[in-house]
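Engineer: coords please:
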Amino acid sequence: MDYSALKKQFDRDGYIVLDSFFEAAQVVHLDGLIRRHYGTDPELQHSSEFLTRSQTDVIPWFPQQQGVRDFDVIQDNPRLNLITDTILGDDWYGQYCMVMFSRPGSQGQAWHQDCPPEHPQRFNLNRLVYTRDVDEETGGQVVVVPGSHRMGLLPPGDPSADLNGQVLLRPRQGTLICLHGHTWHRVLPIKATVRASINYRSAVAGTPEGVTDVCVYRNMRYRFSTASVIEERTV
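Structural biologist: Take a look at the predicted model:
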């Protein structure tokens, strides 16, 4: 693996996709834990205002905070940490592990930036691990705008309308996607099956732990800790 080339690609595009980074055996067990935790019809956790405004109906779970240590095996993976070293440098820290689950027929996630981009060096790194294939049949593909982590604020507008230059990503079981927190991205609607990914968030040392508390959407800025819209965004 050419780590220097991966670093250049990440700096240029704001993301990298590494298929078959994890073997199926490494993620199948975690996939089973996720399915058992959520069951067949889990309740949405965010307010109706957030669900309507954000067009985002992902149900989060923080397994390690509940003492489920099975997820440590990915977090402690030497190859994952070497990739993180390559992207962030040696001085970084892990923030938390978050499972993101979507029910069949749900709307996915509208365009957003995981943290405000006003300070270019202050961002989180999403290390997204996929336990099942995501494709046209399942829905839930990831859409990104390459290089948008260097373009500043996500422009206001229709929360889910196509953007110029967008690229569709179809992660497979065992894929790792490393995504800059300022990169403009969304998740397409889910079709006939559930969708889940595991996000091992990290950041350069000195980055506030709450850097992802405020998320930028095309129609608002939202603060999760207070469950409130802190800025209306209009064209």
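
Engineer: hey, let's count contacts and neighbours off CA atoms from now on
Structural biologist: Noted.

Engineer: how distant is stretch 102-122 from the center of its chain?
Structural biologist: Relative to the mean C-alpha coordinate of its chain, stretch 102-122 is positioned 7 Å out (Cα atoms, centre = their mean, to the nearest Å).

Engineer: can you list the weak-confidence ranges in this protein?
Structural biologist: 44-52, 54 (pLDDT under 70).

Engineer: residue boundaries of the helices in it?
Structural biologist: 3-13, 24-38, 48-54, 72-75, 78-88 (DSSP state H).

Engineer: what separation do you get for residue 168 and residue 135?
Structural biologist: 10 Å (Cα to Cα, to the nearest Å).

Engineer: shared neighbours of these two, anything?
Structural biologist: Residues touching both residue 168 and residue 135 by Cα atoms under 8 Å, 6 or more residues apart in numbering: residue 141.

Engineer: may I see the helices of the chain organised as TSV, with mean neighbour count and distance to residue 142 added?
Structural biologist: Shown next, in TSV, are the helices of the chain (neighbours: other Cα atoms under 10 Å; distance: least, Cα to Cα, whole Å):
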stretch	mean neighbour count	distance to residue 142
helix 3-13	16	15
helix 24-38	15	19
helix 48-54	15	16
helix 72-75	16	21
helix 78-88	17	20
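
Engineer: what bridges to the residue nearest to the spatial centre of the chain?
Structural biologist: Nearest to the geometric centre of the chain sits residue 126, at 5.5 Å (Cα atoms, centre = their mean). In this entry, residue 126 is beta-bridged to residue 179, by DSSP bridges.

Engineer: tell me the phi and psi of residue 218?
Structural biologist: When read as degrees, to the nearest 10, the backbone of residue 218 gives phi -70, psi -20.

Engineer: which residues does it contact?
Structural biologist: 111, 112, 154, 155, 156, 157, 158, 159, 233, 234.

Engineer: any idea what residue 199 is bridged to?
Structural biologist: With DSSP bridges as the rule, residue 199 is bridged to residue 98, residue 128.

Engineer: that one touches residue 98, doesn't it?
Structural biologist: Yes: Residue 199 lies in contact with residue 98 (Cα atoms under 8 Å); the separation is 5.1 Å.

Engineer: look up how far residue 130 lies from residue 219.
Structural biologist: 29 Å.

Engineer: between the two, point out the one with more neighbours.
Structural biologist: residue 130 (27 against 22; other Cα atoms under 10 Å).

Engineer: from residue 96, how far off is the more buried one?
Structural biologist: For residue 130 relative to residue 96 (Cα to Cα), the value is 17 Å.
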